[in-house]
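Q: Compute the structure for the input listed below.
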Amino acid sequence: MSKEEKQAFLSTLFCLLLLIAGKTAELMNFPYYPILFVGAIISGGWKQTSEGLQELWQERTLNVDLLMALAAIGACLIGNWFEGAMLTFIFCLSGALEEYATNKSTKEITALMNLSPTKAVRISESGEQVEVDVSELQVDDLVFVAKGSAVPIDGILLDHSTSIDEAAISGESVPVEKEPKDDVFGGTINTGNAFKMQVTKTSDQTLFAQIIKLVEHAQSEQSETASFIEKIENVYVKVVLVAVPLMILLTHFVIGWSFEESFYRGMVLLVVASPCALVASATPATLSAISNGAKKGVLFKSGKELERLADLKAIAFDKTGTLTRGKPRVTDYKQLVEDPMIPKMLVSMEAYSTHPLALAILQFFHEEERFTDLRVEEKAGTGLETVYGGHTWKLGKHAYQEGDAKEIMIDHLRANGKTVIFLSKDDQLVAIVGLIDLPKTGTEDVIRYFKEQNIHTTMLTGDNEGSAAFVAEATGIDDYHANCLPAEKTEFIQQQKDQYGVNAMVGDGINDAPALATAAIGVAMGQGTDVAMDVSDIVLIKNDLEKLAYSHCLAKKLKRVVKQNIAFSLSVIALLIISNFTQFLSLPLGVIGHEGSTILVIFNGLRLLLPLKEVVSSDRAQNCGDCPLYQSSQQH
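A: I've put the predicted structure just below:
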């Protein structure tokens, strides 16, 4: 329990005890019983009142806290000591519940921070193992991780395979098998063999650190609805403060009520017209939804993005690593010239690239010897180039010229959905490599879900037409665009944004960053580049699109809950005000009705902390209080 939560709990408890003691003393005709009620009011209301006065003094704005303080004072002035104390108690209780909602959402951060390692075993140049603070580790340092220990920082596995429990960052309970050269992340647990790793990021740049920063930022940023309610709160409170004396004067001098009755009705109006429930309609619900997403491995950079996701009309996906596994495999290799240097050159040049296609080629030719003295130049968006033995070698798109004699073979490979890599020697095509990247498991279900939600789906890829057509057909996506450069992706996303209003772009690479920044909602895959994560609005910690469908369900449920809260709170206020004018409503009933509605609104928002109801059948996707895909993924 946090300090603030504990303080709110104790204030509520002491207020209740003094309230009970005061009522007992009143029933026993103890002459000084009002002192106990005043003590209850002070105990339960000092925090909100001081915050209200501070806001009035520093920001020149009025809020509901001052209204409640004035209502409690007014009740005491007309001799309703118990009602004033009860009003303070219920208001204090609703404040404690809101504090609970806030702290419940921040517990995800606390849990993450507690999991974040503080010590690491660094291997010195002499081979000595020394325990140091994680903050002292630098890039390229060697670190030893024992079996059962936490991985202290992000890095690369060096010596042999192991298994890592990544539940802290991905939510997945099954350990992930890691091979040498694979990435390992700080805060995860080594459940396999002890290993050595090479540090790739400092402690403040790790994936774990980024997750904590993103969740903290999301909880500090209000949703658009919450911001709007906060803006009108100041005006609303002023209207109430003007309406109360007007009601007292009009009902006394115009309608003819007694001054005591008019003043009593004015105090009731002060209580029931206060927008406590309205103010609590959005923020607790939004914080709960953000916490829910964090537990599922989805990070929202603010409540605005989560709220906007509910109105999504179109979504575009990058292909490689987003819709597909991002790990293509070589299916065809055609050497067009008899030259033993060709496979060696192919492997040697690809060794300078980290592209998934390059890794697949290296795996296919893993027994081939390599040249170690190459100087390879990367041509952005086209491929690699080097000069060796007096010959110019090109690898990639620019190594192939249209009209080549092998065009029929190339077209056949592309027609079958394969990506074709070309190797040329002095502009003569000497080798062709065909690769295929299959869609991820569950991708078709995700696309079907969005289509059932009447959200237009598009795939944008820099790959060729055949590869794009193959993936589009396999996933059932509405539309696709092949051979897209980063600028063309960005232009398309802007056009789609103009057409649909709220659109999303999902990607993982540097080339996706401009499009992610342009879209109304940018969604980055957590295993993508840092640039993509920086410019995006939502981050999927693992490359799991089913979590995006879950997020959309969550966003729609949040929107529905907030609408319910607003409609309910305004209806209760209207009903209580009408009842007050008919002289039916007493101050105690007004207190219970007003503050009770606030508590109900907060509880309704807290429901978003619970996992969404899981439904197997995807034909019920329209009911976004449920998430059919999430259950489907668990079944598989």
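
Q: Quick check: mean pLDDT of stretch 73-82?
A: The average pLDDT within stretch 73-82 is 82.

Q: Between the two ends of it, what distance do you get?
A: This stretch, stretch 73-82, spans 11 Å end to end (CA to CA, to the nearest Å).

Q: Please state the offset of it from the chain centre?
A: 47 Å (CA atoms, centre = their mean, to the nearest Å).

Q: How about stretch 298-315?
A: Relative to its chain's centre, stretch 298-315 lies at 8 Å (CA atoms, centre = their mean).

Q: residues of that stretch that come out buried?
A: Across stretch 298-315, burial judged by 16 or more other CB atoms under 10 Å covers 298-310, 312-315. All C-beta spots, glycine's among them, are computed from the backbone N, C-alpha and C.

Q: For my notes, confirm L429 occurs in a helix.
A: No. Per DSSP: H, G, I helix; E, B strand; the rest coil, L429 lies outside any helix segment and is strand.

Q: Quick one: neighbours of it, just the number.
A: 20 (other CB atoms under 10 Å).

Q: Can you name the residues bridging to it?
A: With DSSP bridges as the criterion, L429 is bridged to S424.

Q: which residues sit in contact with it?
A: L336, A399, Y400, Q401, D404, K406, F422, L423 (CB atoms under 8 Å, 6 or more residues apart in numbering).

Q: Strands - which of the residues you listed land there?
A: When DSSP state E defines the strands, the subset of the contacts of L429 inside them is F422, L423.

Q: In helices, which of the buried residues of stretch 298-315 fall?
A: G303, K304, E305, L306, E307, R308, L309 (DSSP state H).

Q: any chance of these in CSV, with distance to K231 and pLDDT too?
A: CSV is the format used below for these (distance: CB to CB, whole Å; pLDDT from 0 to 100):
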residue, distance to K231, pLDDT
G303, 15, 80
K304, 14, 82
E305, 20, 83
L306, 20, 86
E307, 16, 87
R308, 18, 89
L309, 22, 93
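
Q: quick one, phi/psi of D140?
A: phi 80, psi 0 (degrees, to the nearest 10).

Q: what sits against the residue nearest to Y352 when sequence neighbours are not counted?
A: With CB to CB, 6 or more residues apart in numbering as the criterion, Y352 has its nearest non-adjacent residue at 4.2 Å, and that residue is V376. V376 sits next to M349, Y352, L384, E385, T386 when contact means CB under 8 Å, 6+ apart.

Q: Confirm the third one sits in a helix?
A: What it means is L384. No. Counting by three-state DSSP, L384 falls outside a helix, being strand.

Q: Tell me where the stretch 1-150 of the chain has strands.
A: Ranges of strands in the stretch 1-150 of the chain, per DSSP state E, counting those that start in this stretch, are 119-123, 129-133, 142-145.

Q: Also the stretch 251-400 of the chain?
A: So, for the stretch 251-400 of the chain - with DSSP E, counting those that start in this stretch - the strands run 298-300, 314-318, 329-335, 377-379, 383-388, 391-396.

Q: can you tell me how far the closest residue to M341 other than its chain neighbours sits from L278?
A: Using CB to CB, 6+ apart and skipping residues adjacent in sequence, the residue nearest M341 is G389, 7.9 Å away. Here G389 is placed at a distance of 77 Å from L278 (CB to CB, to the nearest Å).

Q: neighbour-wise, which of the two wins?
A: Taking other CB under 10 Å, G389 and L278 do not tie; L278 has more neighbours (23 against 9).

Q: For that one, list the residues it contacts.
A: Listed by CB under 8 Å, 6+ apart, the contact set of L278 reads I229, Y236, I566, S569, L570, I573.

Q: How many neighbouring residues does the second one have?
A: Other residues near Y236 come to 20 when the count uses other CB under 10 Å.

Q: same deal with the first one?
A: A count of nearby residues for I229, using other CB under 10 Å, gives 22.

Q: so it touches T286, yeah?
A: No. Using CB atoms under 8 Å, I229 is not in contact with T286; the gap is 11.2 Å.

Q: related to what we said a few turns ago, please pick the buried ones from the contacts of L429.
A: For the contacts of L429, buried by 16+ other CB under 10 Å: L336, A399, Y400, D404, F422, L423.

Q: Surely the third one touches D427?
A: No. Contact criterion CB under 8 Å: Y400 and D427 do not qualify, at 9.8 Å.

Q: Make CSV out of the contacts of L429 and add distance to G321 and pLDDT.
A: What follows is the contacts of L429, written out as CSV (distance: CB to CB, whole Å; pLDDT from 0 to 100):
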residue, distance to G321, pLDDT
L336, 30, 88
A399, 23, 77
Y400, 24, 78
Q401, 29, 74
D404, 29, 64
K406, 29, 75
F422, 22, 89
L423, 24, 91
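
Q: List the ones among the contacts of L429 that fall in helices.
A: If you go by DSSP H, the contacts of L429 have nothing in helices.

Q: From L540, how far off is G526?
A: Distance from G526 to L540, counting by CB to CB: 5 Å.

Q: Which residues are in contact with each of those two?
A: With CB under 8 Å, 6+ apart as the test, G526 and L540 both reach G297.

Q: who's more crowded, the two?
A: Ranked by neighbour count (other CB under 10 Å), G526 and L540 place L540 first, with 29 against 23.

Q: If the more buried one is in a bridge, with which residues?
A: Residues in beta-bridge contact with L540 (DSSP bridges): V298, M525.

Q: tell me which element I408 falls in.
A: According to DSSP states H and E, I408 maps onto helix 407-415.

Q: buried set for that helix?
A: M409, I410, L413, R414.

Q: cool, and stretch 147-157?
A: Neighbour-count burial for stretch 147-157, counted by 16+ other CB under 10 Å, picks out A150, V151, P152, I153, D154, G155, L157.

Q: next one: stretch 497-514
A: The neighbour-count check on stretch 497-514 (16+ other CB under 10 Å) flags 497, 500, 502-509, 511-514 as buried.

Q: and the end-to-end length of that stretch?
A: End-to-end for stretch 497-514, by CA to CA: 14 Å.

Q: what pLDDT, on average, does that stretch get?
A: Here stretch 497-514 scores 84 as its mean pLDDT.

Q: Please apply the same query to stretch 338-350.
A: Stretch 338-350 comes out at a mean pLDDT of 89.

Q: thinking V237 is in contact with V64, fair?
A: Yes. The pair V237 / V64 is scored as a contact, 6.6 Å apart, by CB under 8 Å.

Q: who touches the closest residue to R329 other than its chain neighbours in this structure?
A: In this structure, R329 finds its nearest non-sequential neighbour in A360, 5.5 Å apart by CB to CB, 6+ apart. Applying CB under 8 Å, 6+ apart, we find A360 in contact with K327, P328, R329, V330, L435.
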